[in-house]
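S.K.: from the sequence below, what's the structure:
(chains A and B)
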There are 2 protein chains.
Amino acid sequence: MNNFIYDIPTKVYFGQGQIVHLPELIQTCGSRVLLVYGGGSVKKTGLYDTITHLLRENGIEWQELSGVQSNPKIGSVREGVRLVREHQLDCVLAVGGGSTLDCSKAICAGVPYAGDPWELVLDRTKVQACLPLITVLTMAATGSEMDNIAVISNPETKDKRGFSSYGMYPRFSILDPVYTFTVPRSQTAAGTADIMSHIMESYFDQVRGASVQDGLSEALLKTCIQSAPVALAHPDDYEARANLMWAASLAINGLNSLGKNRAWTCHPLEHVLSAYYDITHGVGLAILTPRWMKHVLNEQTVDVFARFALNVWGVDPQLDCWTAAQQGIERLSVFFASMGLPMTLREVEIDESRLEEMAEKAAETDFSRAFVPLTREDILQIYRACL
Amino acid sequence: MNNFIYDIPTKVYFGQGQIVHLPELIQTCGSRVLLVYGGGSVKKTGLYDTITHLLRENGIEWQELSGVQSNPKIGSVREGVRLVREHQLDCVLAVGGGSTLDCSKAICAGVPYAGDPWELVLDRTKVQACLPLITVLTMAATGSEMDNIAVISNPETKDKRGFSSYGMYPRFSILDPVYTFTVPRSQTAAGTADIMSHIMESYFDQVRGASVQDGLSEALLKTCIQSAPVALAHPDDYEARANLMWAASLAINGLNSLGKNRAWTCHPLEHVLSAYYDITHGVGLAILTPRWMKHVLNEQTVDVFARFALNVWGVDPQLDCWTAAQQGIERLSVFFASMGLPMTLREVEIDESRLEEMAEKAAETDFSRAFVPLTREDILQIYRACL
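M.R.: Next up is the predicted model:
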C-alpha cells in the first residue's frame, strides 16, 4: 500500500427531504447564487420550483445558467463565469447530474482565474481559489457530488479532459434518492455502468494488498449488482435508489483508492470515444470494460480477476483461477447487457473509420502506472474488439 | 436506511514516515502544544525523541502530560486542562493509543469549559469550543484517531462513560503502521477484538438494507480476520499492520453506520465490567460478544447472523440459516480464542459476586433502539453466560 492522505471535505446531506437544509447551507457561503442546471427535467419534476421557492423565501438572489449538456462544453463554463462576474455572485448551486456538477466545478475554478477557463482544464496547477459549490444531485452516476474532478469537453479540439483541484470539492451535497426516481431506464443503466467502472478503475491497480479498500470496492460493486436491477424494475424503490446513490458517491470519492496508484485505463479510452462521437459516457464504458479486461488478463493479473470473480460475482470457489477469471469477465458483460446497454460500438454508430485516429489520441495518456500499461497498438486492439 | 449527514473532518496522514508532516500540521494550530502520552513505550521506541526533535527544530514549545493510564481517568483530564491554562497552550498533541487520545479529547473540550470536566462527560451538550487536537497513533484499536468520542473513567463513582462533540474530532491524525510493530501480542489481540466489536455494533442494527454500509463492515471484519493472525505471527509485517490500522479507523469513523440506529450493545455492557474491574476493554468485548450473540439470536435476527456467517466467515452457503448463524457465532468465538484472548470472566478474575450490581448499572443505558433491546435480566443472563 502506498502512503496516502485521507481528506474528503464535502459534507453530504443524504435522504428524503434533506433539501430543507439548502437555505442554511447557501447562507454559509453568501446570499447570491448562480443556479446551474441542464435541460428541462428539473422543471418537469418540480425540483426547480421547490428550490426557487426556498431561495425566494429566504431572501437568496439568483441568476440562472441552464441548458448544460451531457459531456459539458467549455462554452457553458465560459458563460457561467461571465454571469458570476457580471452579477457578483457568491457561490454556485448545481442542480442535476454529473454534467451539471462538472460544469459548475469548472465555473467555480474559472471565476477567480484571469485567463480562459480551458487553460485550467489543460493545466490544473493554474487553479487557485475556487468559488464555493453546493450541489443537489438528481442522478446516481458520476460521483461528482463528492469528488474534486470535472470533465469538460472542447468540441473545437475534440478534447474531453478531466481536471481537479482541492477547492473544487463541493462544500455541501444534498443527495435525495427520490430525485432519481424519474431517471429514465437507459440513464439508470448507463449510470450504473459508470459507477461500476469508477470502482473497477481503483480495484484493478498495480498496488495489491490494500485489503480495506479492495473489500470496499467489492461491497460497492455488489451493491450495484443487487440494486440496479431493482431500480430498473421498480424506479421508485427508495432503498434500491438510495443504495445506488450512495455507492456512486463512494465509488469515486477517493476512499477505495487510498494508497493505490489511481492510474485509470477505461475512462481515458472512453473519453476519446465520447469526444469524437458524443456517446453516453456510461455506455462507452460498458462496451469497453469487458474487452479491456480480456486484453489485460495474463499470468500477472489472473489472480486479481479471479478474486473479482469470486468475491463480486460469487463464482464457484473450486474453479481454477483462469476459468474463474474468465467467468467473472463474462458475468460482467452479461450484467451490462441485462440492463439493456448497447454492448458494441456499431450499436452506437461508431465504425472502424476513426479507430486509428482515436487510438492515437488515447495513447497520449500516460498509462505507465496503470494496472497493465497500454500502447497505441493495445488500445487499437481493444477498440477493434468492441466493434 | 435512515437519513444521515456525512461529515468526517479529520485529515489522516497514513503511512511510513508521515511524521515529517507533524510540524506543519501543528503550525496550522499555533506554536505551543501540550504533549500527552501514556507510559514509557513512546520513549522506548524512540518516537518521543523523534517528535521532540521535530518540535525543537521547528521552534514549537511544549509542556508534557505523561502517565495517562488505560481506561483513562478524569484526574488526568483535569491535570491536562490545568497545564494548558497555566502555560497558555494552543493545541494538544496526543501520542499513543486510544486511552491517550481519549484523554486528550476530553482535555480539548475541558479547556474552554468553566466547570469540572466530568460534567462534560455526563452531559455532552455542555461541550462548546474545543482546542484543536493532533494525534500520532501507536496502536490500532479504538479508532479514536478518526472519531469525536472520548471514553473517560471516574474511579470514585465507578463510571466509565463515552461522550462526544463535533469539536472533538482530531484535526489531523498521523497513522504510521511502523509504530504498531512493537505493540505486544496481547494488546494486538485485544485491539483486534475492539476493532471487530466496533464494526459489529454497527452491523447488528435494527436498520436493514444499508447495502454499502453493511458491505463495508463485512470487508473490515474480513480484513481483521486476515491481518490479525499475520500481525501476531510477524509483528513487523507492514501490510498486515497497515490493514489493521486502517480498518480500526474505518470501523468507528461513522462511515459504516451512516443511516443506521447506532445504538450499541456490547460496549455499554463492557464499560461496566472495566469500570468495576479495570480489565482490558478488548478482552471484555471478546468475552461478551459471542454470548450476547447467542442471547439475541432469534426468528427476527437469524437472517442477519446467517449473512454474517456467510459473508464474513465463508460458511457453506447450502446451510440452513439457523445452522449458518450458529456456525458464524462459533467461528467468531474460536477466532478470538485463537488470538490468545481470555474467553471467560473467571480468567480475568471476575466472579459471580458483583454481576447483579453490574447488570443493574448496565441497565441504566437505554437499549430501546438496539439491535435487540435488553432488560436488566437479559444483561444478567449474558454476564452469567460469560463466567
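S.K.: which parts of the stretch 101-250 of chain A are helices?
M.R.: Using DSSP state H, counting those that start in this stretch, the helices of the stretch 101-250 of chain A run over A:117-122, A:185-203, A:211-233, A:238-250.
S.K.: geometric centre of chain A: which residue is closest?
M.R.: Residue closest to the average C-alpha location in chain A (C-alpha atoms, centre = their mean): A:Thr142, at 2.2 Å.
S.K.: ok, that residue touching A:Leu101?
M.R.: Yes: here A:Thr142 reaches A:Leu101: they are 7.1 Å apart, a contact under C-beta atoms under 8 Å. In this view, the C-beta of every residue, glycine as well, is placed from N, C-alpha and C.
S.K.: still on that earlier bit, which residues sit in contact with the residue nearest to the centre of chain A?
M.R.: By C-beta atoms under 8 Å, 6 or more residues apart in numbering or on different chains, A:Thr142 lies in contact with A:Gly97, A:Gly98, A:Ser99, A:Leu101, A:Asp102, A:Gly191, A:Asp194, A:Ala248, A:Ile252, A:His281.
S.K.: closest to chain B out of those residues?
M.R.: Distances from chain B to those, taken as C-beta to the nearest C-beta, are shortest for A:Ala248 (9.9 Å).
S.K.: any stretches of chain A with poor pLDDT?
M.R.: Applying pLDDT under 70 to the predicted model, chain A contains no residue that meets it.
S.K.: gap between the spatially most distant residue from the centre of chain A and B:Thr182?
M.R.: Outermost residue of chain A with respect to the C-alpha centroid, by C-alpha atoms, centre = their mean, is A:Gln318; its distance is 35.5 Å. Taking C-beta to C-beta, to the nearest Å as the measure, A:Gln318 and B:Thr182 are separated by 41 Å.
S.K.: wait, doesn't A:Tyr276 sit right on A:Met358?
M.R.: Yes: with contacts counted by C-beta under 8 Å, A:Tyr276 reaches A:Met358, the gap being 5.8 Å.
S.K.: quick one, which of those two is more surrounded?
M.R.: Ranked by neighbour count (other C-beta atoms under 10 Å in any protein chain shown), A:Tyr276 and A:Met358 place A:Met358 first, with 21 against 16.
S.K.: okay, buried residues for stretch A:249-264 please.
M.R.: Residues of stretch A:249-264 classed as buried under the neighbour-count rule (16 or more other C-beta atoms under 10 Å in any protein chain shown) are A:249-260, A:262-264.
S.K.: and that stretch, anywhere near chain B?
M.R.: Yes: counting by C-beta under 8 Å from any C-beta of the partner chain, chain B has neighbours in stretch A:249-264: A:Leu250, A:Leu255, A:Leu258, A:Gly259.
S.K.: mind putting those residues in a markdown table, secondary structure and distance to A:Gln18 included?
M.R.: Compiled in a markdown table, these are given as follows (DSSP: H, G, I helix; E, B strand; the rest coil; distance: C-beta to C-beta, whole Å):
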| residue | secondary structure | distance to A:Gln18 |
| --- | --- | --- |
| A:Leu250 | helix | 17 |
| A:Leu255 | helix | 21 |
| A:Leu258 | coil | 27 |
| A:Gly259 | coil | 32 |
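S.K.: closest to chain B out of these?
M.R.: Relative to chain B, the closest of those is A:Leu250; by C-beta to the nearest C-beta it sits at 6.1 Å.
S.K.: how near is that closest one to B:Gly282?
M.R.: Using C-beta to C-beta, one gets 28 Å for the distance from A:Leu250 to B:Gly282.
S.K.: do A:Ala189 as well
M.R.: 46 Å.
S.K.: likewise A:Asp102?
M.R.: For A:Asp102, the distance to B:Gly282 equals 45 Å [C-beta to C-beta].
S.K.: can you give the domain ranges for chain A?
M.R.: Segmentation of chain A into domains, based on automatic domain parsing, reads A:11-179, A:184-385.
S.K.: can I get those domains in TSV with distance to B:Phe163?
M.R.: As requested, the domains of chain A are arranged in TSV below (distance: least, C-beta to C-beta, whole Å):
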stretch	distance to B:Phe163
domain A:11-179	23
domain A:184-385	27
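S.K.: give me phi/psi at the residue nearest to A:Arg384 when sequence neighbours are not counted?
M.R.: Here the nearest residue to A:Arg384 in space, its sequence neighbours aside, is A:Leu355; by C-beta to C-beta, 6 or more residues apart in numbering or on different chains that works out to 6.3 Å. The phi and psi torsions at A:Leu355 (degrees, to the nearest 10) take the values phi -60, psi -40.
S.K.: doesn't A:Leu220 make contact with A:Leu250?
M.R.: Yes: assessed by C-beta under 8 Å, A:Leu250 is found in contact with A:Leu220 at 5.9 Å.
S.K.: what is in contact with the two at once?
M.R.: Looking at what touches both A:Leu250 and A:Leu220 (by C-beta under 8 Å, 6+ apart), the common residues are A:Asn256, B:Val212.
S.K.: and the two most separated of the buried residues of stretch A:249-264?
M.R.: Taking C-beta to C-beta as the measure, the buried residues of stretch A:249-264 reach their widest spread between A:Ser249 and A:Ala263, a distance of 21.8 Å.
S.K.: measure how buried A:His21 is and give me the count.
M.R.: Counted with other C-beta under 10 Å, the burial measure for A:His21 works out to 15 neighbours.
S.K.: ignore what I typed, I meant A:Ile26.
M.R.: Residues within reach of A:Ile26, counting by other C-beta under 10 Å, total 24.
S.K.: equivalent analysis for the one 10 residues further on, please.
M.R.: When counting by other C-beta under 10 Å, one arrives at 28 neighbours for A:Val36.
S.K.: now swap in the one 5 residues further on and tell me
M.R.: The tally of other residues near A:Ser41 (other C-beta under 10 Å) stands at 20.
S.K.: got it, and A:Leu387?
M.R.: There are 13 residues near A:Leu387, going by other C-beta under 10 Å.
S.K.: and it, that one's in a helix?
M.R.: No: under the criterion used here (DSSP: H, G, I helix; E, B strand; the rest coil), A:Leu387 is coil, not part of a helix.
S.K.: for it, give me its contacts.
M.R.: With C-beta under 8 Å, 6+ apart as the criterion, the residues that contact A:Leu387 are A:Thr344, A:Leu345, A:Arg346, A:Asp351, A:Glu352, A:Leu355.
S.K.: roughly how far does the fifth one sit from A:Lys361?
M.R.: Using C-beta to C-beta, one gets 16 Å for the distance from A:Glu352 to A:Lys361.
S.K.: the more surrounded of the two?
M.R.: Under the neighbour definition other C-beta under 10 Å, A:Glu352 and A:Lys361 were set side by side, and A:Lys361 has more, 21 against 11.
S.K.: grab the nearest non-local neighbour of that one.
M.R.: Closest residue in space to A:Lys361, ignoring its immediate chain neighbours: A:Val272 at 5.0 Å, by C-beta to C-beta, 6+ apart.
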